[in-house]
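[1] Sequence first, predicted coordinates after that:
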Amino acid sequence: MQDQHQKNIATFIHLSTFTRFIIPFGNFIGPIVLWAANKDKSDFIDQNGKQAINFQISIFLYALILGTISVPFFIFKLFGGIDFIDFNGFNNFHINIGEPSPLLYIGGGLGVLAFLVFLIELALIIKASLSARDGEVYNYPLTINFLK
């Protein structure tokens, strides 16, 4: 059975991921510091800390993969009309604003997807915080368990 202090620490571990809006990489630093300082006090705190850290690492990994996949589309579109061997190709270089490029749709779609994932991430963090407040360990969906 968890006492109120342990529930509060576990809740703050999840909520500390919001420090990324103040400190760069605060979504990693906050939970790691709170978890490392308190993991030996209770198994409940240890489990919540691992879940929060695993979720943040998983989100970062998914964003990195999505960015790695999408970057070649932008590079090929950006440099598609430029001949790399003949440097006189810049004489005919122009930007056509008249018709939308498929890149516009791909970029817009990825932007909307990234925004939706961001909102879902915020909702999951809040749900995990509320679960920790109630004395439950919340398992984030699609999380890779780096810390077991």
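    Arrived safely, thanks for sending.
[2] hey, where'd the helices end up in this protein?
    With DSSP state H, the ranges of helices along the chain come out as 4-15, 26-38, 43-78, 102-133.
[3] any idea which residue sits dead centre in the protein?
    The residue lying closest to the centre of the chain (CA atoms, centre = their mean) is residue 59, at 3.7 Å.
[4] which stretch among the helices of the chain comes nearest residue 147?
    helix 43-78 (4.3 Å; CB to CB). (Glycine included, C-beta is placed from N, CA and C.)
[5] Show me what the closest one is packed up against.
    Packing contacts for helix 43-78, counted by 3 or more CB pairs under 8 Å, 6 or more residues apart in numbering; DSSP states H and E, involve helix 4-15, helix 26-38, helix 102-133.
[6] Residue 148 is nearest to which of the helices of the chain?
    Across the helices of the chain, the minimum distance to residue 148, taken as CB to CB, is reached by helix 43-78, at 7.3 Å.
[7] Now do the closest one, average pLDDT.
    The average pLDDT within helix 43-78 is 85.
[8] Measure how it sits relative to helix 4-15, angle-wise.
    Using axes from the mean of the first three to the mean of the last three CA atoms, to 10 degrees, the inter-axis angle of helix 43-78 relative to helix 4-15 is 0 degrees.
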